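> just need the structure, nothing else, for what follows:
(2 chains)
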Amino acid sequence: MAKKTTKKSNETGWDYAPSLESIGHIDLKESYDLFIDGKWVKPSSGKYFETINPANEKVLAKVAHANEEDVDRAVKAARKAYDTVWSKMPASERAKYIFRIARLMQERARELSVIETLDAGKSIRESRDIDVPLACNHFFYYAGWADKLEYAFPNRDFEPLGVAGQIIPWNFPLLMAAWKIAPALAAGNTVVLKPAETTPLTALKLAEIIELSGLPPGVVNIVTGFGDTGAAIVEHPEVNKVAFTGSTAVGKHIQRAVAGTDKKVTLELGGKSSNIIFEDAPIDQAVEGIINGIFFNQGHVCCAGSRLFVQESVAELVVRKLKQRMDSLYVGDPLDKNTDIGAINSKEQLEVINKYIKIGIEEGAEMYQPNCELPDKGYFCRPTLFSNVAQSNVIAQEEIFGPVLTIQTFRTVDEVIQKANNSPYGLAAGVWTDKGSRIFNLTSKLRAGVVWANTYNKFDPASPFGGYKESGFGREGGLHGLRAYVKLK
Amino acid sequence: MQGLKMVLNMIDLTTLEGKDTPGKVKQMCYKAQHLHDSYPGLPTVAAVCVYPSMVGVARKELRSNTVKIASVSTAFPSGQAPMSVKLEDTRFAVSEGADEIDMVISRGKFLAGEYNFVFDEIAAIKEACGKARLKVILETGELSTLDNVRRASDIAIHAGADFIKTSTGKIQPAATMQVTYTMLMAIRDHYDRTGIMIGMKPAGGISTSKLALHNLVMVKEVLGDQWLSNEWFRFGASSLANDVLMQIMKTETGVYQSPDYFSMD
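Now for the predicted structure:
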């Protein structure tokens, strides 16, 4: 509905030269084994799988596929390390190791961010400025807690759980590893971690860093593989705690698998989070926030603000500005520092997203995509907006996990609270308004684990993160994150 | 390189000091037309920016008219003078041959909430400008919040500004990215509503090529390519030109040259 397009070609046009981050300094091996008991060991299956760069479909490395036997070895190593070393070590010593890991990660931040971008398809700007620094900060933060746990749980006796089996997703590979490993170690547990099959490389680099840090063998074990590897971890009788981040479907499966055991579980699952704009909101800021909320990391964010609710009086303005802003997003090579939206993580995920876009069109919603060029190779998706959407549309109900935003309008506060809560998920929400009292009203009524006010996708190691309803349970980050890794007596 | 040349061509080469003399202005006018003669093919700057008393001098030096003459007015930089003086100041500058007038708003009145006064003042000066284009200096360093910057931008645009400009250069902070961004948004919203283009001039503190390119990128991303000419975008700067020249020569030759190779007018 923009009256005039702001893009005019071309006599005064100014195109930026590509600004590619160098990949000369990274050190990737041709193939990676499993990191068990402080050593790199070959998988007993002898099988390896390829991990590719989703931006150009080229193979980056081969990675071992761990089977039940390998997982058993890893869990036994973790158990032994727990019994003989890690649980006996003074907490202040544990803290030193965690600090050391954090510092080593910082030193190699450039390498980690480039590898993250290559393997996951996310823009270098994001992995450099967000993923990697945040991951380091999680280690720093929990290192600080390690010898102060009595203050985290005042007047309570507590002990670590033992061996934590951790399964992480492909959207923030290194950051999720940090979210999982750092609190587990700080609380005195040992770890068996499985990265996602499409993005195992930064976890393996982290294993190298851990090796370099001199962490006692077996305290952290990293086993790569597919769903069967994850299942072997979940079902292993000597695992005391299962921490999972991923889809709701798999989360439910895990919950069934651990039923009847005394394994503790935390699940961080899907979402269909709402972003709510009131008429008194600072509109330009809100538009930036919506863009960041849904297009950050190509929309591969469990708390992505994928359902936008706009008060009717400003709907036209907001939609116009959103389209304008979408026109200025750069979709392309993730290694280019100008890129806003990188590659979709995998072919499968691109198919899922395209399926939902098709459904949206069939459902009669009005679609808008900027007219940007996409690279010939690799998996890319234009930022997409659907207006004219109702709660009963599939695209407004199911998690798409891609750069697809649905827009609904509302009239009153009660109406928007009802609609925002009308979802099986409850991970996050955003509220945009100039009025403080309205923010507090909404934060107390929205059934979501995180509610951001006049911002979105803000993360900090000190603030807990987790869901309501089918978005999971348990909290990660902050003081709350420690609780998931101790037994309170 | 394209960006650097564009920056050069958007500069309002400025001298606004009590100690300015005709000699100083003459030298600057020559520099404006001959940025770096040892490297042919460079554009000139967009304009020179001087006090009203120096407009006549500049007019004599700049006959070709490719380089425009901008004059500050309305009791620059404070704006603390009666309306009649401000109008006379403006008429004088125009009659001396100024192509563009850089006025200051009455920040005191603005902060006291007398928006109508500010509006009327701008409208009156605009009338006094005749054919000269009017740049309205908000002096954002004194407005204290971005909300105020936005409100002042809207007032200036509606009152008839051809350009809105951040600062006099006499107050810190001057043209920060946030302030410029806020003003660009005001321009964009006005354009979306009316189809009328308004120019933008950040001034003060932009002294390196890098910062200038940051600003250009911002203009391109917020307003689009059509604003990327000196008709719609200017840098108010005194020392930026030489840094840009230095970067251009570096890009051409692969090595940095000593600042002594770039004239200091």
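
> what pairs with the closest residue to A:Val486 other than its chain neighbours across the strands?
Of all residues not flanking A:Val486 in the chain, A:Phe158 sits nearest, at 4.4 Å (Cβ to Cβ, 6 or more residues apart in numbering or on different chains). To be clear about C-beta, it is placed using only N, CA and C from the backbone, and glycine gets the same treatment. The residues listed as beta-bridge partners of A:Phe158 by DSSP bridges are A:Leu488.

> A:Phe158 contacts A:Tyr485, doesn't it?
No - contact between A:Phe158 and A:Tyr485 fails when scored by Cβ atoms under 8 Å: they sit 9.7 Å apart.

> quick check: the residue of chain B nearest chain A.
Nearest residue of chain B to chain A (Cβ to the nearest Cβ) works out as B:Gly224 at 3.6 Å.

> what's around that residue, how many residues?
Taking other Cβ atoms under 10 Å in any protein chain shown as the neighbour definition, B:Gly224 ends up with a count of 21.

> same deal with A:Gln397?
The burial count assigned to A:Gln397 is 15, neighbours taken as other Cβ under 10 Å.

> contacts only, for it.
With contacts defined as Cβ atoms under 8 Å, 6 or more residues apart in numbering or on different chains, the neighbours of A:Gln397 are A:Lys272, A:Gln391, A:Ser423.

> quick one: which of those residues is most hemmed in?
A:Lys272 (26 neighbours).

> and it, how far is that from B:Asp147?
Using Cβ to Cβ, to the nearest Å, we find A:Lys272 at a distance of 34 Å from B:Asp147.

> helices or strands up against the biggest helix by length in chain B?
In terms of residue count, the longest helix belonging to chain B (DSSP state H) is helix B:177-194. Judged by 3 or more Cβ pairs under 8 Å, 6 or more residues apart in numbering or on different chains; DSSP states H and E, the packing partners of helix B:177-194 are helix A:312-327, helix B:146-159, strand B:163-165, strand B:199-201, helix B:209-223.

> does anything pack onto the fourth one? Which helices or strands?
Secondary structure elements in contact with strand B:199-201, counted by 3+ Cβ pairs under 8 Å, 6+ apart, are strand B:133-137, strand B:163-165, helix B:177-194.

> make a markdown table from the ones you listed and add mean neighbour count and distance to A:Val314 to it.
As requested, the helices and strands packed on strand B:199-201 are arranged in a markdown table below (neighbours: other Cβ atoms under 10 Å in any protein chain shown; distance: least, Cβ to Cβ, whole Å):
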| stretch | mean neighbour count | distance to A:Val314 |
| --- | --- | --- |
| strand B:133-137 | 26 | 28 |
| strand B:163-165 | 27 | 25 |
| helix B:177-194 | 19 | 13 |
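
> possible to save those as TSV with mean pLDDT and distance to A:Phe35?
What follows is those, written out as TSV (pLDDT from 0 to 100; distance: least, Cβ to Cβ, whole Å):
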stretch	mean pLDDT	distance to A:Phe35
strand B:133-137	98	62
strand B:163-165	98	59
helix B:177-194	97	44
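
> nearest to A:Ile115, out of these?
Ranking the helices and strands packed on strand B:199-201 by proximity to A:Ile115 (Cβ to Cβ) places helix B:177-194 first, at 31.2 Å.

> the inter-axis angle of that closest one versus helix B:146-159?
Relative orientation of helix B:177-194 and helix B:146-159, computed by axes from the mean of the first three to the mean of the last three Cα atoms, to 10 degrees: 40 degrees.

> quick one: contacts for B:Leu138?
B:Ile105, B:Val149, B:Ala152, B:Ser153, B:Ala156, B:Ile164, B:Lys165, B:Thr166, B:Ser167, B:Met183.

> what is the burial count for the first one?
Other residues near B:Ile105 number 27, with proximity taken as other Cβ under 10 Å.

> what strand or helix carries the nearest residue to it once chain neighbours are set aside?
Of all residues not flanking B:Ile105 in the chain, B:Val118 sits nearest, at 5.4 Å (Cβ to Cβ, 6+ apart). Remark: B:Val118 resides in helix B:115-129, with elements defined by DSSP states H and E.

> mind giving me the packing neighbours of that helix?
Contacts defined by 3+ Cβ pairs under 8 Å, 6+ apart place helix B:115-129 against helix B:83-96, strand B:100-104, helix B:107-111, strand B:133-137, helix B:146-159.

> what strands flank the second one, and is each parallel or antiparallel?
The one in question is strand B:100-104. Each strand pairing with strand B:100-104, determined using DSSP bridges, is listed with its direction: strand B:68-72 (parallel), strand B:133-137 (parallel).

> mind checking how far the last one is from the chain centre?
Spelled out, that is strand B:133-137. On the basis of Cα atoms, centre = their mean, to the nearest Å, strand B:133-137 sits 8 Å off its chain's mean C-alpha point.

> neighbouring contacts of that strand?
In this structure, residues lying in contact with strand B:133-137 by Cβ under 8 Å, 6+ apart are B:70, B:72, B:76, B:99-105, B:122, B:125-126, B:156, B:159-168, B:199, B:201, B:203, B:234.
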